[in-house]
Every structure is written in structure tokens, then in C-alpha cells.
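*Asks:* kindly generate the corresponding structure for this input.
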Amino acid sequence: MKSYTITVNGKAYDVTVEETGSTPSIPVAAPAAAPKASGTAGNVKVEAGAAGKVFKVEASVGQNVKAGDTILVLEVMKMETPVVAPKDGTVATIDVSEGQSVESGALLATLNA
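*Replies:* Next up is the predicted model:
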């Protein structure tokens, strides 16, 4: 047993934790491959600015977008964060699907500018 003192909002709590000697194994499903839209990748990459979950895909392959138009919405820290087109162009690929978790810097879509 290990004892700790934890302070939450200025109030101290004494906590005792039992050590079991082994870490339980939690099965983790392999991430599903993201569906790739047909077509060739565009010359403008749209990447995730932060890690999160794809909440909604708003654009589709072949759609014309203007700079600032929402391509998809990420849920980042329980907030809906729009991912917008950096330039005018045509959506070439959507590289993620709704519900998929993504890391910061992950490729979300490409555009042909």
C-alpha cells in the first residue's frame, strides 16, 4: 500500500492505493484504416492542428471551397473545432472518417489549388 496526499481546489485529501504487482492487460482494438476517397491527392495538405476526434465531415471530394470554408469539424478537448480550407481550391481527398481519432499533424484532406 502507498499513501499519498492529494490537494484539489486547496483541500488536502489522504489517499491510500493498493499495489497489485501486475498491470491488468486491456485489449485495444487496432484503429480502422481511414477510407481514402477516390482520386489523386491534391497539392495542398490540410492537417490537424491538434489531436482529437473527427466530429463531422462537411466537404466532399470534388467540391469547390474558398479559403476559410469548413472542410470538417474536429472535437478537441470536448470543443467542436472547424478545420478550414487554407486556400481556394477543389477537395481532392478526404483522408479521415467521422468518429476517427487523429493526432496533431495528421493528414485530414488534400486540395487542388
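*Asks:* so what's N112 up against?
*Replies:* G42, N43, V44, G89, T90, A92 (C-beta atoms under 8 Å, 6 or more residues apart in numbering). From N, CA and C alone the C-beta is placed, and that goes for glycine too.
*Asks:* report pLDDT for it.
*Replies:* On the pLDDT scale, N112 is placed at 93.
*Asks:* so what does it have for phi and psi?
*Replies:* In terms of degrees, to the nearest 10, the main-chain angles of N112 are phi -100, psi 110.
*Asks:* flag the shaky bits of this structure, pLDDT-wise.
*Replies:* 1, 19-40 (pLDDT under 70).
*Asks:* wouldn't I6 be in contact with V17 here?
*Replies:* No. If you go by C-beta atoms under 8 Å, I6 and V17 don't touch, sitting 10.5 Å apart.
*Asks:* next step: the contacts of N112 restricted to helices.
*Replies:* With DSSP state H as the criterion, helices contain none of the contacts of N112.
*Asks:* format these as TSV; extra columns: distance to L74 and neighbour count.
*Replies:* TSV is the format used below for these (distance: C-beta to C-beta, whole Å; neighbours: other C-beta atoms under 10 Å):
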residue	distance to L74	neighbour count
G42	20	18
N43	23	12
V44	18	18
G89	20	21
T90	22	18
A92	20	21
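*Asks:* farthest-apart pair in those residues, please.
*Replies:* N43 and T90 (10.7 Å; C-beta to C-beta).
*Asks:* shared neighbours of those two, anything?
*Replies:* Taking C-beta under 8 Å, 6+ apart as the criterion, N43 and T90 both touch L111, N112.
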